[in-house]
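> Below are the sequence and a predicted model; questions follow.
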Amino acid sequence: RDELGPTVAELVERSLDLEQLLGGPQDIEFAIDGDDRLWLLQARPITTLGRPSLTRGGIAEMLPGVLPPLLRETAGRQVDEGFRELFDELGGSVPADADARFVRFERSRAMLDLDVIRRATASIPEGSVAELERGYGLDSRSDAPAKRASAGQTLRVLQHRRTAVTEAQIVTQAIDRLVDDDLDGDRSVIDDDELLARWERVHDLGVRTASAEMAVAALATAAYRGVETTLERHTDPARAARLTQELTRSRDIRDATLTRAFRGLSDPPPGARTDDWSVAALALDADDTGRAFLATWTRALDRSGSRSVFGGPRWADDPALAWMTYRIAPTGSRSERPDLGRELRRAPGSETPGLSRIRRRFLTREAADAAALLVRRERTKQALLDLGGAARRLTTEVGERLTRRGVLSRSDDVWLLGPDELRRAL
C-alpha cells in the first residue's frame, strides 16, 4: 500500500469493494480532483473477460458509453477508417480477412480488437507492438525498452507529420464553412434528396476528419512521450512526468477544447461567475447587462456541436453541463517554463547525468512541438464534434419528417435505424 501512494491505494480498495458489492469484476470510471480526492463516476460489469483481444482502452474517449444503432455504424466507421488510414500512412497494411475490424461492439459499447492492431503494427517497417500499445494506453505484452528510431523510420514519421497536420488544417477549415452553411440555412424547406445529400456529405467529411484527428493524436502522443522519455534519463519518473506536463502546456488550449460556438465569448457579469447554471441563470436575468449576455449564450448554445461523440447529443441538450464546461475549461499556463538547468542539475554523488545546455535547448524545442501537436489534436477533435452537431441537426430533421409521414412512431426512433435503413425510409 505504501508503494502505491494514498490515492491509488484508495482506488484499489474501492475497486475491490465494488467488485464484492456488485458480484464480479467491474469496469470503473473515476476522477481525481485538485485536492487529490477520489470520485467514482460509473461502474459496469466487465463482459469481455472471455475475449482478451477486446479492450476499451484507447477508444473509450472517442466512442463513450452505450451507442444506439445509427451512431454505432456511423461513428464506429469513422474510427475504424481512421485506424486504416493511420497504418497506411505509416507504411503498414491492414489484415485482409473480411472480419478484420479495428472497432467492434459488445453490448453496444465500442471495443478495440488488439489482435487486429498487433497484426497491423507488425506490418509497419520497424514497427513495435509494445510501443504502439503504450502510446494508445493499452496493456503491452512486452516490457522491452523503446527502440531508437532508424533514419528511415524518422523520415517516414516526419513525412507523415507534415501530411497529417496539413490534412487536419484542411478539414478544420472545411468544417467551419460547412457548419456555417448548415446553421444559416433552413433545413425544413429543402427536399428529401437534398437533405439526404447533405447528410451524406457531413458523414463523409466526418470519416476524413476522424482519420486526421487520429493521425495527429498518434503524433502528439509520440512527441509527448519522447519528451518524457528523455527526461526520465536524467531524473525520476514522477519529476519527469511533472516537467513534461509543464513544458507542454499551451495558452491556446482553452479555445482548442471548446465547441466553436463558445469561443470568443466574454466573461459573464460578476454575479453569474459560478459553475452552477441555475444560480447563474437567475443572476443573468436580473439586469439588462446579464440579459444581453444570456441572449448571446443562448445563441451560442443553438449553434453548438456534439458533446462527446460525432452525431451524439449537443451541448444545447444540456445547458447546465454546457455552462459548467465553459466555466471550467482549461486556460493553459501563463507561468514561465521550468528551469531545466536547475531542475535537472546533477546532484553530488549521483550517477544520473546532467543535461547539457545544448540538450536543454533541443528538449525545449521538442516540448514546444509536442504542445503544438496537442493543441492541433484538440482543435481537430473539436472540429469533428462541431461537425457532429450538424449531423445531429440533419438526422433530427430526417426523424421529424419520417414521424410526420407515419414511418416512425417518434422522431427519436431515427437513432434506432441503420444508415441503409435511414436512406430507404427517406
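Thanks, I have the structure now. Numbering: from 1, shown residues only.

> This protein: helices as residue ranges?
Ranges of helices in the chain, per DSSP state H, are 6-22, 69-89, 114-122, 129-135, 151-184, 192-232, 237-247, 253-257, 277-284, 288-302, 319-328, 340-343, 357-404, 419-425.

> Specify the angle between the fifth one and helix 288-302 in degrees.
Between helix 151-184 and helix 288-302, the angle comes out at 120 degrees (axes from the mean of the first three to the mean of the last three CA atoms, to 10 degrees).

> buried set for helix 151-184?
153, 156-157, 160-161, 164-165, 167-168, 171-172, 175, 178-179, 182 (16 or more other CB atoms under 10 Å). All C-beta atoms are positioned from the backbone trio N, CA, C, and that covers glycine.

> angle of that helix against helix 192-232?
Going by the same axes, to 10 degrees, helix 151-184 is angled at 140 degrees with respect to helix 192-232.

> list the helices and strands helix 151-184 packs on?
With contacts taken as 3 or more CB pairs under 8 Å, 6 or more residues apart in numbering; DSSP states H and E, helix 151-184 sits against helix 69-89, helix 192-232, helix 357-404.

> could I get the ones you listed as CSV with mean neighbour count, distance to residue 238 and mean pLDDT?
Output for the helices and strands packed on helix 151-184, formatted as CSV (neighbours: other CB atoms under 10 Å; distance: least, CB to CB, whole Å; pLDDT from 0 to 100):
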stretch, mean neighbour count, distance to residue 238, mean pLDDT
helix 69-89, 21, 31, 89
helix 192-232, 20, 10, 92
helix 357-404, 21, 18, 91
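
> could you dump these to a markdown table with distance to residue 110?
Formatted as a markdown table, the helices and strands packed on helix 151-184 follow (distance: least, CB to CB, whole Å):
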| stretch | distance to residue 110 |
| --- | --- |
| helix 69-89 | 6 |
| helix 192-232 | 13 |
| helix 357-404 | 15 |
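
> Out of those, flag the one nearest residue 260.
Closest approach to residue 260 among those is made by helix 357-404 (5.1 Å; CB to CB).

> Let me know which of the helices of the chain is the nearest to residue 63.
Proximity to residue 63 (CB to CB) singles out helix 69-89 among the helices of the chain, at 5.8 Å.

> quick check: angle from the closest one to helix 151-184?
Using the same axes, to 10 degrees: helix 69-89 against helix 151-184 is 150 degrees.

> Return helix 69-89 as CSV; C-alpha atoms alone will do.
Only the C-alpha atoms of helix 69-89 are listed here, as CSV (Å, rounded to 0.1, in the frame of the first residue of the first chain):
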residue,chain,number,x,y,z
PRO,A,69,-27.5,1.6,-33.8
LEU,A,70,-27.2,4.7,-36.1
LEU,A,71,-24.3,6.1,-34.0
ARG,A,72,-22.6,2.7,-33.7
GLU,A,73,-22.4,2.4,-37.5
THR,A,74,-21.5,6.0,-38.4
ALA,A,75,-19.2,6.9,-35.6
GLY,A,76,-17.8,3.3,-35.4
ARG,A,77,-17.0,3.5,-39.1
GLN,A,78,-15.1,6.8,-38.6
VAL,A,79,-12.8,5.3,-36.0
ASP,A,80,-12.2,2.1,-38.0
GLU,A,81,-11.3,4.1,-41.1
GLY,A,82,-9.1,6.3,-39.0
PHE,A,83,-7.0,3.3,-38.0
ARG,A,84,-6.8,2.0,-41.5
GLU,A,85,-5.6,5.4,-42.8
LEU,A,86,-3.1,5.7,-40.0
PHE,A,87,-1.4,2.3,-40.7
ASP,A,88,-1.5,3.0,-44.4
GLU,A,89,0.4,6.3,-43.9
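
> relative orientation of it and helix 357-404 in degrees?
Using the same axes, to 10 degrees: helix 69-89 against helix 357-404 is 150 degrees.

> name the helices or strands packed onto helix 69-89?
Helix 69-89 packs on strand 103-106, strand 109-113, helix 114-122, helix 151-184, helix 192-232, helix 357-404, helix 419-425, going by 3+ CB pairs under 8 Å, 6+ apart.

> run the last query once more with 7 Å
When contacts are defined as 3 or more CB pairs under 7 Å, 6 or more residues apart in numbering; DSSP states H and E, helix 69-89 packs onto strand 103-106, helix 192-232, helix 419-425.

> Serialize the ones you listed to CSV and add fields for distance to residue 6.
Formatted as CSV, those follow (distance: least, CB to CB, whole Å):
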stretch, distance to residue 6
strand 103-106, 34
helix 192-232, 24
helix 419-425, 49
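
> Of the ones you listed, which is nearest residue 401?
The nearest among the helices and strands packed on helix 69-89, by CB to CB, is helix 192-232 at 7.3 Å.

> Please list all residues in contact with residue 398.
Residue 398 makes contacts with 195, 199, 414, 422, 426, as judged by CB atoms under 7 Å, 6 or more residues apart in numbering.

> how about CSV for those, with distance to residue 287 added?
Below are the contacts of residue 398 laid out as CSV (distance: CB to CB, whole Å):
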residue, distance to residue 287
195, 42
199, 43
414, 42
422, 47
426, 47
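
> For these, which two are the farthest from each other?
Pairwise over these, using CB to CB, the maximum falls at 195 and 414, 12.3 Å.

> roughly how far apart are the nearest residue to residue 188 once chain neighbours are set aside and residue 174?
Closest residue to residue 188 apart from its sequence neighbours, by CB to CB, 6 or more residues apart in numbering: residue 397 at 6.8 Å. Using CB to CB, to the nearest Å, residue 397 is found at 21 Å from residue 174.
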